[in-house]
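> have a look at this fold, sequence not included:
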């Protein structure tokens, strides 16, 4: 096995595979930055190019591109509040406020370095767990999958609102997201739900316009209202120094970064969950690491830990996503499904062969993720000054460019005018939710996981009746869910016990 | 009893109650397979929204003002009249961009929007306006049209004009 591991590295270091890795990483770098143009879309656009390549060349090309997208997707989230990738949404919550406070360099340094740590952890996880992972994934049935989704949803609903009614608002926001996911043709019975006789809605509401509308449009409106640049409230200072501070933060909170990387890796193992849920689980974990109520209140206002968690998690899940894809031929997400298509084009069949006959090639993927991310982070850190200076440009110059990205990203996802209308509707909803202090993260999680949750709930109920509720793993997950719901109250009580009741003013 | 308080948040709660009720009523006509999840959501949504509305209306401790979402907070503007005016303007510009895309198609809407926004809203100099417009158009055209060969829907107005002139 060690031989295969070393051979994997040597495959990547050969001249042509390394050059293709660089090309893939460069494409991934640009695509990650462009909102809406996701890694999945780019992978599908690049598939025709691999026909003439050997597997040793094609895999670094495709995987280098895909894994770098997750790293650079965080850059636009931090700088402009626009998620470059669906899995980069959680980074906005604290990354963008840091930018507005003039800490763009620090936020970028933190997110890039934590991404690198995450990528290495994910790759190591892939390398180590390949032989042991089969029983774990196969033991999760529909009831457990459903409960895992509920767990992810509860985590973010619980931790997304401050105040005594925070949980209530978080749950309401999530339920609204779940409701939006109901739109379209029902997969179980074929019923058309809330389609209003529009063919466009048969496939459901498209993710990219919803995401960009909900997150980017309110930021554009806010930028216009302020009438200044993004980082108007504070001087940026020395960006390089800020970036160094961000890098130091990664090691200052190294335990947190590692734990969030592991969360990403474990969530990445489970097909379907992927980045949608793991970023919020890690954000919830980062927020849970706050020791006092004041520290908790700082989240959402520019706490670097809120950037480190999702940053690390996003990249660690990439390595783990490969495990079910390679080992069982069950792609963990859209990107992996397309990558699997690439495997088949190259004549590689996912399954036991990948863990025996093609083991060196499998390990070459581990190295590809590591090398591509090291290159992407190094280039990003070199460009950090220029990237962060973008936030100083006055708003009037930035707004048309940001709107351009929003509309192009939206249009590119489905190439129809309907997407633009969805963008506008969810832009309005995003603004209203911000005004009314309804947290948006649970909404987007509910929306992303709605269809999956419904399928698992349906299969569980039809196959097991109500007995699925008594399965030991389901009960175990339920206990964790209840603990999460009660966690803020327990923490508050403990803090009060230590500090005593605050004086009433 | 506390005085009843009404805020924008209550409107969201009312909207949520109405939406949940609509989901429940609509789902009654569907087979169980399709109705199970919507019903679960509708009932949970309505219950939670009613609870939140009551807590909010009667100003029970931990009221709306004490609640903040772990989400970024809009900075706004100290001058509320200016804030409203700017919000209105940006909303109009976003709608205008959408209309341009609908009427002329994305390839024409992009330079037209960037140019008009920079010149009329941003009041930028001719040099910057033209430079930015050209850069945006070059980026858009180079990446999406030339490199990726993306097909963009023809604008409604252009399609009508083409029909009138008998062009393809």
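Thanks, I have the structure now. Keep in mind that what you see is a predicted model, and the values were worked out from it rather than measured.
> so where's chain B uncertain?
Applying pLDDT under 70 to chain B picks out residues B:1-6, B:59-78, B:167-168.
> show me where chain B has helices.
B:8-27, B:32-57, B:80-104, B:106-116, B:126-140, B:156-165 (DSSP state H).
> would you map the strands across chain A?
All strands of chain A, identified by DSSP state E, fall at A:184-185, A:192-193.
> residue contacts, residue A:339?
A:43, A:62-63, A:66, A:325, A:331 (Cβ atoms under 8 Å, 6 or more residues apart in numbering or on different chains). For glycine as for every other residue, the C-beta is placed from the backbone atoms N, C-alpha and C.
> with mean neighbour count and distance to residue A:99 added, can I get the helices of chain B in JSON lines?
Converted to JSON lines, those look like this (neighbours: other Cβ atoms under 10 Å in any protein chain shown; distance: least, Cβ to Cβ, whole Å):
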{"stretch": "helix B:8-27", "mean neighbour count": "18", "distance to residue A:99": "27"}
{"stretch": "helix B:32-57", "mean neighbour count": "19", "distance to residue A:99": "32"}
{"stretch": "helix B:80-104", "mean neighbour count": "16", "distance to residue A:99": "20"}
{"stretch": "helix B:106-116", "mean neighbour count": "21", "distance to residue A:99": "23"}
{"stretch": "helix B:126-140", "mean neighbour count": "15", "distance to residue A:99": "22"}
{"stretch": "helix B:156-165", "mean neighbour count": "12", "distance to residue A:99": "38"}
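> could you export these to CSV, including columns for distance to residue A:167?
Conversion of these to CSV gives the following (distance: least, Cβ to Cβ, whole Å):
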stretch, distance to residue A:167
helix B:8-27, 15
helix B:32-57, 10
helix B:80-104, 30
helix B:106-116, 42
helix B:126-140, 44
helix B:156-165, 46
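> and residue B:146, how many neighbours?
Neighbour count of residue B:146, defined by other Cβ atoms under 10 Å in any protein chain shown: 11.
> so which residues on the stretch 201-350 of chain A come close to chain B?
Taking Cβ under 8 Å from any Cβ of the partner chain as the criterion, the stretch 201-350 of chain A approaches chain B at residues A:217-222, A:224-227, A:233, A:287, A:297, A:299-301.
> check those residues and tell me the two furthest apart.
Greatest spatial distance among those (Cβ to Cβ): A:227 and A:287, at 32.0 Å.
> who has more neighbours, those two?
Under the neighbour definition other Cβ under 10 Å, residue A:227 and residue A:287 were set side by side, and residue A:287 has more, 26 against 14.
> ok, that one to residue A:311 distance?
Note on residue A:287: its distance to residue A:311, by Cβ to Cβ, to the nearest Å, is 14 Å.
> and if you look at residue A:205?
Counting by Cβ to Cβ, the gap from residue A:205 to residue A:311 is 28 Å.
> so these two - more neighbours on which side?
Taking other Cβ under 10 Å, residue A:205 and residue A:311 do not tie; residue A:311 has more neighbours (39 against 21).
> mean pLDDT per helix and strand in chain A: which one sits at the bottom?
helix A:133-138 (a mean of 62; mean pLDDT, DSSP states H and E).
> ok, back up a step: nearest to residue B:36, of the residues of the stretch 201-350 of chain A next to chain B?
Closest to residue B:36, out of all of those and judged by Cβ to Cβ, is residue A:287, at 32.5 Å.
> hang on, the earlier thing: possible to save the helices of chain B as a markdown table with distance to chain A?
A markdown table is the format used below for the helices of chain B (distance: least, Cβ to the nearest Cβ, whole Å):
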| stretch | distance to chain A |
| --- | --- |
| helix B:8-27 | 4 |
| helix B:32-57 | 4 |
| helix B:80-104 | 4 |
| helix B:106-116 | 5 |
| helix B:126-140 | 6 |
| helix B:156-165 | 9 |
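> nearest to residue A:486, out of these?
That would be helix B:32-57 among the helices of chain B, by Cβ to Cβ, at 17.1 Å.
> the closest residue to residue A:147 other than its chain neighbours: how many residues sit nearby?
Spatial nearest neighbour of residue A:147, chain neighbours left out: residue A:477 (3.9 Å); criterion: Cβ to Cβ, 6 or more residues apart in numbering or on different chains. Number of residues near residue A:477 (other Cβ under 10 Å) recorded here: 18.
> for residue A:477, give me its contacts.
A:144, A:147-148, A:150-151.
> and the helices in the stretch 101-250 of chain A?
Taking DSSP state H, counting those that start in this stretch as the test, the helices found in the stretch 101-250 of chain A are A:104-129, A:133-138, A:142-159, A:166-181, A:207-226, A:239-252.
> tell me which of the ones you listed lies nearest to residue B:112.
helix A:207-226 (18.3 Å).
> and the closest one, what does it pack against?
helix A:89-100, helix A:395-414, helix A:417-435, helix A:440-464, helix B:80-104 (3 or more Cβ pairs under 8 Å, 6 or more residues apart in numbering or on different chains; DSSP states H and E).
> what pLDDT does the residue lying closest to residue A:480 once chain neighbours are set aside get?
Excluding the flanking residues, the one nearest residue A:480 by Cβ to Cβ, 6+ apart is residue A:151, at 6.1 Å. Model confidence at residue A:151, given as pLDDT, is 78.
> same check on the one 3 residues further on?
At residue A:154, the predicted lDDT confidence score is 77.
> hmm, it is touching residue A:483, no?
No - Residue A:154 lies out of contact with residue A:483 (Cβ atoms under 8 Å); the separation is 9.7 Å.
> those two: which has the busier surroundings?
Using other Cβ under 10 Å as the criterion, residue A:154 and residue A:483 rank with residue A:154 on top: 22 against 12.
> neighbours of the residue nearest to residue A:480, how many?
Residue A:151 has 16 neighbouring residues, counting by other Cβ under 10 Å.
> for residue A:172, find the nearest of the helices and strands packed on helix A:207-226.
Among those, helix A:440-464 comes nearest to residue A:172, with 8.4 Å by Cβ to Cβ.
> quick one: that closest one to helix A:417-435, angle?
110 degrees (axes from the mean of the first three to the mean of the last three Cα atoms, to 10 degrees).
> I'd like the distance between the residue nearest to residue A:480 and residue A:318.
Distance, residue A:151 to residue A:318, using Cβ to Cβ: 22 Å.
> model confidence score at the residue in the stretch 401-505 of chain A that chain B sits nearest to, please.
Closest to chain B within the stretch 401-505 of chain A is residue A:439: 3.6 Å, counting by Cβ to the nearest Cβ. Residue A:439 carries a pLDDT value of 82.
> verify the stated contact: it with residue A:171.
No - Residue A:439 is not in contact with residue A:171 according to Cβ under 8 Å; the separation is 10.1 Å.
> neighbour-wise, which of those two wins?
When neighbours are counted by other Cβ under 10 Å, residue A:439 and residue A:171 differ, and residue A:439 comes out ahead with 28 against 24.
> how much space separates the more buried one from residue A:79?
For residue A:439 relative to residue A:79 (Cβ to Cβ), the value is 22 Å.
> and what of residue A:224?
Residue A:224 sits 17 Å away from residue A:79, taking Cβ to Cβ as the criterion.
> how about the nearest residue to residue 21, chain neighbours excluded?
Picked chain A for this. Leaving aside its sequence neighbours, residue A:21 sits nearest to residue A:60 (Cβ to Cβ, 6+ apart; 3.7 Å).
> oops, wrong one, chain B.
Closest to residue B:21 by Cβ to Cβ, 6+ apart is residue B:46, at 6.1 Å.
> test my guess that the one you found contacts residue B:17.
Yes - between residue B:46 and residue B:17 there is a contact under Cβ under 8 Å: 5.7 Å.
> chain B contacts on the stretch 401-505 of chain A?
Counting by Cβ under 8 Å from any Cβ, the stretch 401-505 of chain A comes close to chain B at A:401, A:403-404, A:407-408, A:411-412, A:415-417, A:420-421, A:423-424, A:427, A:432-441, A:453-454, A:457-458, A:461-462.
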